[in-house]
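**Q** Next input, structure requested:
(3 chains)
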Amino acid sequence: MGTDAAGLGRGRAMAFILPALVLIGVFLVFPALWTVYLGLTDYRLTGLAAAEPRFVGLDNYAAALTDARFGSSLWLTVQFVLGSAVAGQAVLGFAVAWVARGLRTPVRRAVEGLVLLSWILPGSVVAFLWIALLDRDGGTLNALLNTPGTAWLLDHPMLSIIVFNIWRGTAFSMMLYSAALENVPPSHLETARLAGASTACQLGDVVLPRIKGHVLTNLLLISLWTFNDFTPFLLTAGGPEGRSEILPVYVYAIALNGGRLGAGAAVSFLILLINLVFALIYLRLLRARNAPPTAAAPGGRGPV
Amino acid sequence: MISLRGLVKQFPGGVRAIDDLDLEIAGGEFLALLGPSGCGKTTLLRTIAGLETPTAGRVGIGGRDVTALPPGRRDVAMVFQDYALFPHMDVAANIAYPLRVKRVGRAERRARAAATADRLGLSGLLERRPAQLSGGQQQRVALARAIACRPRAFLFDEPLSNLDARLRLTARTFLKRLQRELSVTTVFVTHDQGEALALADRVAVMSGGRLAQVGTPAEVFQRPLTTFVASFIGATPMNLLPGRAEGGALLVAGARLTPPGPARGLPDGEPVTYGVRPEYADLSFEPREDGFPGRVGVVENMGTALLVTLEPAGGGDGPLVQVVVPEEGGEPALGTPAWAVPRTSRALVYREGRLLGAPVAPAPASAEPTA
Amino acid sequence: MVRHVLARLGVTAFVAVLLGFFALPMLWLATAPFDAGASIRVSVPEFTLANFRALLVNPFAVGSLVNSAVQAGGAAALVVVLAALAAYALSRVQVPGRDLLLYLLLLMSSIVTGTAAMVPIFELATRLNLIDTHLGVILVVSGGLLPAAIFILKDFTDATPASYEESARVFGASPLQILRHVVVPLIRPGLATIAVWTVANVWGGFLLQFILIRDPGLAPGSVILYTLYTEGGQPDLPLVSAFSLVYSLPVVLMYVFVSGRYGFRFHGGIKR
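**A** Down below sits the predicted model:
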């Protein structure tokens, strides 16, 4: 590393890096900075404020913070992240990874394959699969549970999108924990088992201390991604009556649907700040080498 | 042929890997750069190749100053420690790669690659990928690739170190014959003193970025100029024992020794280091005033000879002395009192780490058996 | 002994529930496209391939698959080329400020999500006349994916010994020859990884395409599928089911192919 093995030279190296940097600068960094400016204006999609946006200072922020719809959206987002990512994906992902170790190969392949498939399928496809599953009149779930007429998406919108997101995103946690568990030496577990430790003791005393970095990394990344997940929009579009309007859907609704770009940008900036906190903690972990390098690339914009 | 003048290589951070070094390598000569890891030998080789830019000094190849030339225009070929065979090309394409770069036509490339491969006993392997070859075959493909471009000089970076011990001997003999036949100037980096002695016309021993000694294998083996070289060269390390001059003799580890020529006439009390190779000492079971006294502590069978380690007689903390004895005499019993008697003509005396009487005309290389 | 049996039973029950939970929503995708009487409920299909004919009848279905392919392919080409150049230079040349640059790239790529940046991205695309263009989608998506792509490829390059390049260099190859003859073939698995990862991201992506493309003739499959089941009353189930399956197959096949060929199961959340 750092030895210019091909004799590229600094000039050419810069020329190699520049195109990527320009694209990242224009379409990633600049929008982030522009969010800050737009959030301080009354910019609108149409009308007078579209032609000549006015600088309104912190009005958008003040309006957002006193807006009951924003408050409710924030609270729903917290439920969504804690419920589907922290409690759902992380716990289920670990359980699958742990149990899969003891399964016969075909069973293990089937379990892992299904979990992965739910992750790989395009978002708009899985959204309709769930719409079909949860349908009030002909849905498979109502047929199975013998609860005809239950409109899951209308009566329990948050529960629906939380379970949906667990189903959709558990694969990442499963893979991360599988990789982590491979690093736990079998001899350590055998020592604990010989000493008569129960499964709970084995997990607490032997496994968890060794995969602490993975657990933290996983929680940070899946929280960050879930926090920015727009896919629930495809299921409920935030409804009914905003009862599943998590922040990404809220921003879309007020800015691009409602045309209040300035107000939407202000909320976007708050999202950016929260993302920044997650990312800084994550990078700190990476630097301290507590985090597995496999997750060094959280990858692009997250689920878009 | 290759000429290095006042060469300095300082890395960012201040480490001086090469420290004001001068060296002339004659046309067709096989020079081994020998030294422990971190002594700067690989950096020196890479500087000759042009992969490192010297901080100061000049590099000349074939009478031409190449200091500012990129590696590809120095007309040298390098074989790396890991061979660096391109894994996505077959053997033929690997061997022909230098020719491809030089825009030699496809037909001639193939012909020359096939001819070179044939010469190195690789003819049946031309279609294989490097991953399908044994270590020895990979090493020969790397050699073939270096030969195929007919360079002015070969630069070898420990090309034998990835082979297992037995294969290394075969490859060594093969390499030496090949170099004789091609008579291309060769610089060979190694940390294995046996390899350096066996292969090279001259050995350059490096330490701390400087040349500790440059000489024929016989010279560096028989008359190492410093205690560093003395301890580094030789399959069994030289006995280096502290002592002092007294009354025209040397008192060393319980023995009273006649000093060799250059060490005569030292003032009384002068501290010296007395060096004698285990091969140049004899074992006596009768008390001898000119022998280091001790008891047989360890006997190691080396096949044709035994390496006997004498421990201080009283069990104290004096120096250990090693002697190589012919195996015909049988193994001496452990604990037997014995005296290690150095051959004065072969003994070397160092003062402050440097050989007394150096430089001296090289000793004849053929007469003495070395083990 | 009893404890052991109970534990086995527990594991078996857990695995059964798990399989059910993950398989249940997918059953419809396996049956409905082949069911002459496709309904919203999972049922044993009355086998037919007629549903796939609906794809040809719909004015946007086939076109949207082409649009998806253009956008995914374009973004993959752009990301692979730009990320490879940048990653190679960052891996091998001591560019001033390299570590800070890498840190900032990683930071920006984690925080500037499509969600957080949808407003300015929409604005930017409007002003650059990129709304309703494939190029707009390709540029915006590539900008977001490039930092992570550079990271993954830099890992690949860092893990490749420099002696290959040095060897070629001593034999007289120019830097560009070395890249073409040696570096590109050596990091090919990395390039394939990035290409697949980009295609999967764009193929499955919804939000940015939804924002940037208004003209249904240019919309990718993900957006067209969404409009098929949200607009105009009752969804046309034969069409939706067939389209869902056809739209899913490329990504699934790509994963199966790549994991079989290069054996990667996991590289930093390759999907996202």
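
**Q** Lowest-scoring secondary structure element of chain A by mean pLDDT?
**A** Least confident helix or strand of chain A, by mean pLDDT, DSSP states H and E, is helix A:48-51 with a mean of 68.

**Q** how many neighbours does the residue nearest to residue A:259 when sequence neighbours are not counted have?
**A** Leaving aside its sequence neighbours, residue A:259 sits nearest to residue A:45 (C-beta to C-beta, 6 or more residues apart in numbering or on different chains; 3.5 Å). C-beta here means a position set from N, CA and C on the backbone, and glycine is covered the same way. Neighbour count for residue A:45, taken as other C-beta atoms under 10 Å in any protein chain shown: 18.

**Q** Okay, and residue A:45 sits in which element?
**A** According to DSSP states H and E, residue A:45 maps onto no helix or strand at all.

**Q** give the contact list for residue B:95.
**A** The neighbourhood of residue B:95, defined by C-beta atoms under 8 Å, 6 or more residues apart in numbering or on different chains, consists of B:113, B:116, B:117, B:141, B:144, B:145, B:148.

**Q** which among those gets closest to chain C?
**A** residue B:145 (7.9 Å; C-beta to the nearest C-beta).

**Q** Tell me which residues touch the closest one, please.
**A** Applying C-beta under 8 Å, 6+ apart, the residues near residue B:145 are B:77, B:79, B:85, B:94, B:95, B:97, B:98, C:171.

**Q** Which helix or strand contains it?
**A** With DSSP H and E as criterion, residue B:145 is part of helix B:135-148.

**Q** distance between that helix and the chain's centre?
**A** 22 Å (C-alpha atoms, centre = their mean, to the nearest Å).

**Q** Quick one: mean pLDDT for stretch B:141-161?
**A** Mean per-residue pLDDT for stretch B:141-161: 92.

**Q** Pull up the distance across it, start to finish.
**A** 16 Å (C-alpha to C-alpha, to the nearest Å).

**Q** do stretch C:225-245 as well
**A** 11 Å.

**Q** hmm, who's touching it?
**A** Contacts of stretch C:225-245 (C-beta under 8 Å, 6+ apart): A:122, A:124-125, A:127-129, A:131, A:234, A:237, C:28-29, C:32-33, C:35, C:38-40, C:50-52, C:54-55, C:58, C:61, C:64, C:206, C:210, C:216, C:219, C:221, C:224, C:247.

**Q** If you count neighbours, what's buried in the longest helix anywhere in chain B?
**A** Looking across chain B with DSSP state H, the single longest helix is helix B:165-182. The neighbour-count check on helix B:165-182 (16 or more other C-beta atoms under 10 Å in any protein chain shown) flags B:168, B:171, B:172, B:174, B:175, B:178, B:179 as buried.

**Q** Got the confidence number for the third one?
**A** So that's residue B:172. pLDDT, residue B:172: 92.

**Q** wait, doesn't it sit right on residue B:195?
**A** Yes. Between residue B:172 and residue B:195 a contact is recorded at 6.4 Å, counting by C-beta atoms under 8 Å.

**Q** In the stretch 51-200 of chain B, what residue lies closest to chain C?
**A** For the stretch 51-200 of chain B, C-beta to the nearest C-beta, closest residue to chain C: residue B:72, 3.2 Å.

**Q** how many neighbours does that residue have?
**A** What residue B:72 shows, counting by other C-beta under 10 Å, is a neighbour count of 22.

**Q** now swap in the one 5 residues further on and tell me
**A** Around residue B:77 sit 26 other residues, with neighbours defined as other C-beta under 10 Å.

**Q** Secondary structure class of it, three-state.
**A** Following DSSP: H, G, I helix; E, B strand; the rest coil, residue B:77 is assigned to strand.

**Q** what sits against it?
**A** Residue B:77 sits next to B:98, B:145, B:146, B:147, B:149, B:151, B:153, B:154, B:155, C:170, C:171 when contact means C-beta under 8 Å, 6+ apart.

**Q** Please name the bridge partners of it.
**A** Counting by DSSP bridges, residue B:77 is bridged to residue B:154.

**Q** could you measure it against residue C:170, distance?
**A** 7 Å (C-beta to C-beta, to the nearest Å).

**Q** which residues are common contacts for those two?
**A** Taking C-beta under 8 Å, 6+ apart as the criterion, residue B:77 and residue C:170 both touch residue B:155.

**Q** Which pair in the buried residues of helix B:165-182 has the greatest spatial separation?
**A** B:168 and B:179 (16.1 Å; C-beta to C-beta).

**Q** which sections of the chain are below the confidence cut-off?
**A** I went with chain A, as the question did not name one. Applying pLDDT under 70 to chain A picks out residues A:1-2, A:48-49, A:289-304.

**Q** that's the wrong chain, I meant chain C
**A** Residues of chain C that meet the cut-off, pLDDT under 70, sit at C:1, C:232-233, C:262-272.
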